[in-house]
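>>> build the 3D model from these lines:
(chains A and B, ligands or ions: 2)
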Amino acid sequence: MTAVMVAKGLAKSFGDLVAVDGVGFSINQGETYGLLGPNGAGKTTTISMIAGLLEADEGEVRVGGDLINPRAVTPKRRMGLVPQELAIYPDLTARENLEFFGRLYGMGGSELADRADRVLDVVGLHERQKDLTKEFSGGMKRRLNIGIGLLHNPELLILDEPTVGVDPQSRNAILEAVEELSRAGIAVLYTTHYMEEAERLCDRVGIIDQGKIIAEGTRRELVEMVGEKDRVSISGTGPLAEVVRQLSSTVGVAEAGESESGVTLLVEDSSSHLAAILSTAAQAGMAVSAVEIEQPDLEAVFLHLTGKALRDV
Amino acid sequence: MRNIIHIAAKDLRLRIRDKSVFIIGLIAPLALAFIFNTVFGGAFGDDGSFAPDLGIVETDADQTKSTLEEISSQLGGTWQSFADPSAARIALDEGDVGAVFVVPDTFDDELAGGQIGKIEVLGAIDAVTSTQIAAGIARSYTNSLQTTQVAIASAISAGGDPADIIPAAIDATDRSLISLGEVKADVRQLDTNTSTVAGMAMFFLLFTAQTGLLSLLEERRDGTLQRILSTPTRPASVLAAKSIVSIVLGVFSLVVLILAGIVLMDANWGNPLGVALLVVGGVLAAVGISAVTTGMAKTPEQAGNIQGIVATVLGLLGGAFFPIGQDGGILAQVTALTPHYWFSRGLADLAGGQPASAAFGAVGWLLVIASVTSVIAAVLTRKQVAP
Ligand SMILES: Nc1ncnc2c1ncn2[C@@H]1O[C@H](COP(=O)(O)OP(=O)(O)OP(=O)(O)O)[C@@H](O)[C@H]1O
Ligand SMILES: [Mg+2]
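Ligands and ions are numbered 1, 2, ... in the order given. The predicted structure is shown next:
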């Protein structure tokens, strides 16, 4: 696997405020990397340094081996940025917006026309391509905002909270588009404070808080890193005290107890131990009616790491 | 760099689409030309210069009288005689005449005694230009007599009859030299209409020329500037594109204004090449100044406000609203720092069918203003294009 983007020791302060404090990570070809963190964590600041919009106080960014900073010109061709705030011209049509930015990437002629058609399809705006974007709904503007970022077939697509303030339908369209791009082999850097999005899209996640990446890995790795366990609730009848006693000594079960409808267990890696657990319960005389597994999510990981919720909803 | 063209083309397209090109480039200059025509309607002579209506109060100094008449008639205005100063004043009040010479009866005779008398000029309050021109003629005439006087004195001391010598000597003064050289120079500086029209045009230009640059701050506010900078585009290219749009709009609006002046006011602005150079110099100076004000601002609104103040102050100093600084002194020096002054000076220099080269000096100073402001602006706007 070759790394498309490597960031090392990035730091940025605004006056006394340390916005980013030693952030480093890399993204491989075809990989979707999520930066997950609450408001003000430093996601946009980090992205701005990676996209070469902001001079880093410390550290360096390389994309495809080229050093990136605000003075770098040609290496920026490798990247497509979808900024957090809408950055489109309301008095240009969807197509004109695409064509303008396409030209800045050196595209033109039929190549540009074909790519614009393709992108308009991907973001579902082909029918509305000739309309001024000021007449668009919020979700349509967001989709165009994303479309501009992928027009020139970048090696690395950077999306900064692309689904904020988007209706569920557009949101789903956006997530599907990102999944498709990822399948096509594009490296994606995706920031969000929605952990469901990070869980759905990202191969690896970096959890960022107060300018630092406090944990990084696949979802499974992160969950294990903090030692969070799956909660398995088995509903049923029988000699529950005996069932609990036997399950307590079953491999993988960390805790077991009686509940209203049956027994509740805390299990490490429930998927590999579930079969053994259920047969133990049956042998102990329990008639099982339902099983429910709650896996710890990144929300729980974040809570564990920082002692605060990812977002205050 | 090709992206400069792409950005400038996109900006022009947006300006056409939001109609601002038509307002700035067509409607505003046409309205301005119409106002000029109403206010300064008859002011422009055929060659863009001014033809003063002058007169004289009857005097025994016949030689001087006929000389003044001859000089004045070369300027193309009318010439009248008045029986006495009070008759002249009535005519002045009624606007029948712009300025009147009062020559002492003894003026010619005193020359024989080596004395040069005083020629007075009565002026109408609303014909400042005519009055100043008349004063200029009187001044030039008495100055030239100083040299003549030496000849008269030596002729008399050689035993000639003063009654023959004096008329001959006055007759011998070089009138074309007095009138056309010096008086025209006065007219150039004093034609208030030209300077007001030129000053207003420059005042207007300062707003036109800001349009392109202002969009830099708008794009910054709207996030599209950052997006442009995330593409392979140099910050300097963005600045260049915005300046080009400002220059294009500025030239366009000024050309419309000048053409409208020709059609509406029958104005003859002078040698076309000279005027074209002045337009380019004036627009570059206005764009430079706009770039400085844009560089000082954080938001488009703020830039607009600063520009309003700067345009007003420069307009006042540059004589856009009323003539200023023609009598030397500190204001005269300050006014020379404004593009308004040099633009109007350039037009004045072209008046009377002068070749384009007559405007080179003014164009040069406009370019100096443009260069100095551009350097300042380059430093100031560096942070505007920094993301
Ligand atoms: N230009 C700036 N000047 C001063 N402070 C800034 C600037 N940009 C960001 N900050 C501060 O840096 C910190 C990190 O901001 P950043 O925008 O990177 O957060 P974020 O993770 O993107 O948040 P959000 O989820 O709200 O977009 C915040 O405290 C913010 O106030
Ligand atoms: Mg952000």
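>>> packing partners of the biggest helix by length in chain A?
Of all the segments of type helix in chain A, defined by DSSP state H, the longest one is helix A:168-183. Helices and strands in packing contact with helix A:168-183 are listed as helix A:138-150, strand A:156-160, strand A:187-192, helix A:195-201; criterion 3 or more Cβ pairs under 8 Å, 6 or more residues apart in numbering or on different chains; DSSP states H and E. Every residue, glycine included, has its C-beta placed from N, CA and C.
>>> what stretches of the chain score poorly on pLDDT?
Went with chain A since none was named. Where chain A drops to pLDDT under 70, the residues are A:1, A:308-313.
>>> should've been chain B
Ranges of chain B meeting pLDDT under 70: B:37-50, B:125-129, B:147-153, B:159-160, B:162-163, B:165-196, B:265-267, B:322-329, B:352, B:386-387.
>>> how is it divided into domains?
Taking automatic domain parsing as the domain assignment, the ranges for chain B are B:2-43+B:191-385, B:53-177.
>>> okay, those domains, which one's buried deepest?
Among the domains of chain B, judged by mean count of other Cβ atoms under 10 Å in any protein chain shown, the one packed with the most neighbours on average is domain B:2-43+B:191-385 (a mean of 20).
>>> so which residues of the stretch 201-350 of chain B form helices?
Under the criterion DSSP state H, counting those that start in this stretch, helices of the stretch 201-350 of chain B are mapped to B:210-222, B:224-229, B:235-265, B:272-296, B:300-317, B:329-335, B:339-350.
>>> same list (the ones you listed) but as CSV, adding distance to A:Glu60.
What follows is the helices of the stretch 201-350 of chain B, written out as CSV (distance: least, Cβ to Cβ, whole Å):
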stretch, distance to A:Glu60
helix B:210-222, 26
helix B:224-229, 19
helix B:235-265, 20
helix B:272-296, 31
helix B:300-317, 35
helix B:329-335, 52
helix B:339-350, 47
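>>> and ligand 1, which of the domains of chain B is closest to it?
If you check each of these against ligand 1 by Cβ to the nearest ligand atom, domain B:2-43+B:191-385 wins as the nearest, at 11.2 Å.
>>> quick check, the closest one touching chain A?
Yes - Domain B:2-43+B:191-385 comes into contact with chain A when judged by Cβ under 8 Å from any Cβ of the partner chain, the residues involved being B:2-3, B:6-7, B:10, B:13-14, B:17-18, B:222-224, B:226-235.
>>> quick one: contacts for the residue lying closest to B:Thr211 once chain neighbours are set aside?
In this structure, B:Thr211 finds its nearest non-sequential neighbour in B:Leu249, 5.4 Å apart by Cβ to Cβ, 6 or more residues apart in numbering or on different chains. For B:Leu249, the contacting residues are B:Arg15, B:Val21, B:Ile24, B:Gly25, B:Thr208, B:Ala209, B:Thr211, B:Gly212, taking Cβ atoms under 8 Å, 6 or more residues apart in numbering or on different chains as the criterion.
>>> the closest residue to the second one other than its chain neighbours and A:Phe101: what is the separation?
If I follow you right, that is B:Val21. Leaving aside its chain neighbours, B:Val21 sits nearest to B:Arg15 (4.7 Å; criterion: Cβ to Cβ, 6+ apart). With the distance defined as Cβ to Cβ, to the nearest Å, B:Arg15 ends up 19 Å from A:Phe101.
>>> how much space separates the closest residue to B:Gln307 other than its chain neighbours from chain A?
If the residues on either side of it in the chain are set aside, B:Gln307 comes closest to B:Thr293, at 4.7 Å by Cβ to Cβ, 6+ apart. With distances defined as Cβ to the nearest Cβ, to the nearest Å, the gap from B:Thr293 to chain A amounts to 24 Å.
>>> and what about A:Val61, helix, strand or coil?
Put simply, A:Val61 is strand when judged by DSSP: H, G, I helix; E, B strand; the rest coil.
>>> got the residues of chain A near ligand 1?
Among all residues of chain A, those adjacent to ligand 1 (criterion: Cβ under 6 Å from any ligand atom) are A:14, A:17, A:19, A:37, A:39-45, A:84, A:161, A:193.
>>> from those, list just the buried residues.
Neighbour-count burial within the residues of chain A next to ligand 1 applies to A:Ala19, A:Gly37, A:Ala41, A:Gly42, A:Lys43, A:Thr44, A:Thr45, A:Gln84, A:Glu161, A:His193; the criterion is 16 or more other Cβ atoms under 10 Å in any protein chain shown.
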